[in-house]
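Enquirer: When you get a sec, could you give me coordinates for this:
(chains A and B)
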Amino acid sequence: MLEVLQYDFMRNALAAGVLAAVACGIVGVYVVVKKIVFISGGIAHASFGGVGLGFLLGINPVVGALFFTLASALGIGTLSRRTSLPEDTVIGVFWAVGMALGVIFIGLSPGYAVDLFSYLFGNILFVPTSDLVLMLILDAVIALVVFLLYKEFMAISFDEEFGIVVGVPVERLYLTLLCLIALTVVVLIRVVGVILVIAMLTIPAAMAKQFTYNLKKMMFFSALLGIIFVLCGLWLSYELDLASGATIVIVSGVFFLVSFGFRRLVSRKHPIAQPP
Amino acid sequence: MTSKELVKLENIWVHYDNVAILEDVNLSIDQDDFLGIIGPNGGGKTTLLKVILGLVKPSRGEVTVLGSTPERNRKFIGYIAQSSLFDHDFPISVLEVVLMGRYGKVGLIKRFSNEDKNLALKALETVEMLDYKDRQIGRLSGGEQQRVFIARALVAEPKMLLLDEPTTGIDTPMQTEFYELLAELKHAMAIVLVSHDISAVSIYVDKIACLNHQLYYHGSKEVGPEILEATYKCPVQMIAHGVPHRVLKEH
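Expert: From the prediction side, this is the model:
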């Protein structure tokens, strides 16, 4: 395994995996505790429109996706809060329209895009160094915003109504959080692709939640688990010659099911003492 | 009037999808009131509290909180929502929950000071929950959670507490303790308590109002049977579970 590290693409793959795991470790915790998985799915899928636009305009598709995810985060957030439309309806519309735009844009692009598949399902083995720089910047932005607004995000995640009463600008913070999800999606696109992003946003955080009741520790564990999943998935996909993104997701899913099953088994034998 | 008026509702109407939830409600709450609002489920009790907090906009009428709009002055109100509504599995400690009450005072981005933490610990001491400060909130009983939420409201140094069905899911001995805590707090602030449980409320509060879309209130604890019948649309004996004297003084 170690000899593969002499290749640039493998070093880039490892760096991309770690950067992706850190982003989804931090933001995934909010996605899980605030139960906004479906919104995140909408933002992720809508990003495909940006990938298509990138192809059409001849710019980096990941940069195109950045604009699309931010726009759809603000769009979904604003429409579901300010209008009477149900939130899941808004998400469904953005989800499908974003994907459809991607297909149309790519169809209009001169010279049909051959590596479309790698944006849909990720290809960690082909991450250019320029994208690594972008991922690093996005990771830094995410970490900084969460560091500054930690107590505010806690308030809107745990009890929005109380937040409003004590004067926390709930709606703006919620839109900010959705924008962080948008940035995370962009970081993850190269690694697991538009369609599989949701796995990395939920599985590490959901698993970390089983081990701790502290939000900060949960972020740490979740990033750590993300790194383990990416490394295991990458190694398995290399050894077995499988698609890297899908292998990472399957590894995550297996870990999740095993840990969930193990916990159920343990809690049945030693039931956690419930307070009276 | 010697006592200072905290909240004034004038001719409040609230509609959800053209159905009237509150009909022409008038209510004045003074700074030393301990008011119980009783009424059947779906009678608009929670809506009334949310109107006071500015969380629900009335379709007609005027709300005044400390001489201004609810949005401006709701930071002086400690709100304790129905406890069953939060995510019991949320990764947050008791102390972190209480500190949330300081958010309005601390401001965006800024960190909690030692003073904020001391105030939070003091509020936990007031509700006798200091020993549980590091416990995850969901791993407390319903009554203990309710005390933590009161501490969270207290730490914002409110002039009034609004409690929505605070004793739901709490067993009877704990309920008694809970009401005794409120009886102590009422010397420092106004308390408004909403409940469908007449008998328990009536022992502790000083004034009772009845709400079933319309509000019946005479600024006293005595509630005539005709008002209760109008509120609950059924005979009084059925509501008071055969102990009407706990609700009604001799007429």
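Enquirer: Spatially central residue for the chain, please.
Expert: By default, I'm working from chain A. Centroid-nearest residue in chain A, with CA atoms, centre = their mean: A:Leu201, separated by 4.0 Å.
Enquirer: was after chain B, sorry
Expert: Note: chain B centre (CA atoms, centre = their mean) maps to B:Leu163, 1.7 Å.
Enquirer: is it in a bridge, and if so with what?
Expert: Assessed by DSSP bridges, B:Leu163 has beta-bridge partners B:Ile80, B:Leu193.
Enquirer: Relative to B:Ala81, how far out is the residue nearest to the centre of chain A?
Expert: As judged by CB to CB, to the nearest Å, A:Leu201 and B:Ala81 stand 29 Å apart. Bear in mind the C-beta positions are built from the backbone N, C-alpha and C, glycine included.
Enquirer: Same check on B:Leu121?
Expert: 23 Å.
Enquirer: A:Ser237 now?
Expert: A:Ser237 sits 48 Å away from B:Ala81, going by CB to CB.
Enquirer: got it, and B:Val98?
Expert: For B:Val98, the distance to B:Ala81 equals 15 Å [CB to CB].
Enquirer: Tell me which helix or strand B:Leu6 sits in.
Expert: When elements are assigned from DSSP states H and E, B:Leu6 belongs to strand B:5-16.
Enquirer: outside of that strand, which residues touch it?
Expert: With contact meaning CB atoms under 8 Å, 6 or more residues apart in numbering or on different chains, strand B:5-16 is reached by B:20-31, B:33, B:44, B:47-48, B:51-52, B:56, B:58-66, B:159-160, B:190.
Enquirer: And stretch B:51-69, by the same measure?
Expert: Outside of stretch B:51-69, the residues within contact range by CB under 8 Å, 6+ apart are A:161, A:164-165, B:6-15, B:22, B:24-25, B:47, B:50, B:70-74, B:76-77, B:79, B:159, B:162, B:192.
Enquirer: Show me which parts of it are buried, residue by residue.
Expert: Within stretch B:51-69, the residues that count as buried by 16 or more other CB atoms under 10 Å in any protein chain shown are B:Val51, B:Ile52, B:Leu53, B:Gly54, B:Leu55, B:Val56, B:Pro58, B:Gly61, B:Val63, B:Thr64, B:Val65, B:Leu66.
Enquirer: any chance of the residues you listed in JSON lines, with secondary structure, pLDDT and distance to B:Phe90 too?
Expert: Shown next, in JSON lines, are the buried residues of stretch B:51-69 (DSSP: H, G, I helix; E, B strand; the rest coil; pLDDT from 0 to 100; distance: CB to CB, whole Å):
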{"residue": "B:Val51", "secondary structure": "helix", "pLDDT": "96", "distance to B:Phe90": "28"}
{"residue": "B:Ile52", "secondary structure": "helix", "pLDDT": "96", "distance to B:Phe90": "26"}
{"residue": "B:Leu53", "secondary structure": "coil", "pLDDT": "96", "distance to B:Phe90": "22"}
{"residue": "B:Gly54", "secondary structure": "coil", "pLDDT": "95", "distance to B:Phe90": "25"}
{"residue": "B:Leu55", "secondary structure": "coil", "pLDDT": "94", "distance to B:Phe90": "21"}
{"residue": "B:Val56", "secondary structure": "coil", "pLDDT": "94", "distance to B:Phe90": "25"}
{"residue": "B:Pro58", "secondary structure": "coil", "pLDDT": "95", "distance to B:Phe90": "32"}
{"residue": "B:Gly61", "secondary structure": "strand", "pLDDT": "95", "distance to B:Phe90": "36"}
{"residue": "B:Val63", "secondary structure": "strand", "pLDDT": "96", "distance to B:Phe90": "31"}
{"residue": "B:Thr64", "secondary structure": "strand", "pLDDT": "95", "distance to B:Phe90": "35"}
{"residue": "B:Val65", "secondary structure": "strand", "pLDDT": "95", "distance to B:Phe90": "29"}
{"residue": "B:Leu66", "secondary structure": "coil", "pLDDT": "94", "distance to B:Phe90": "32"}
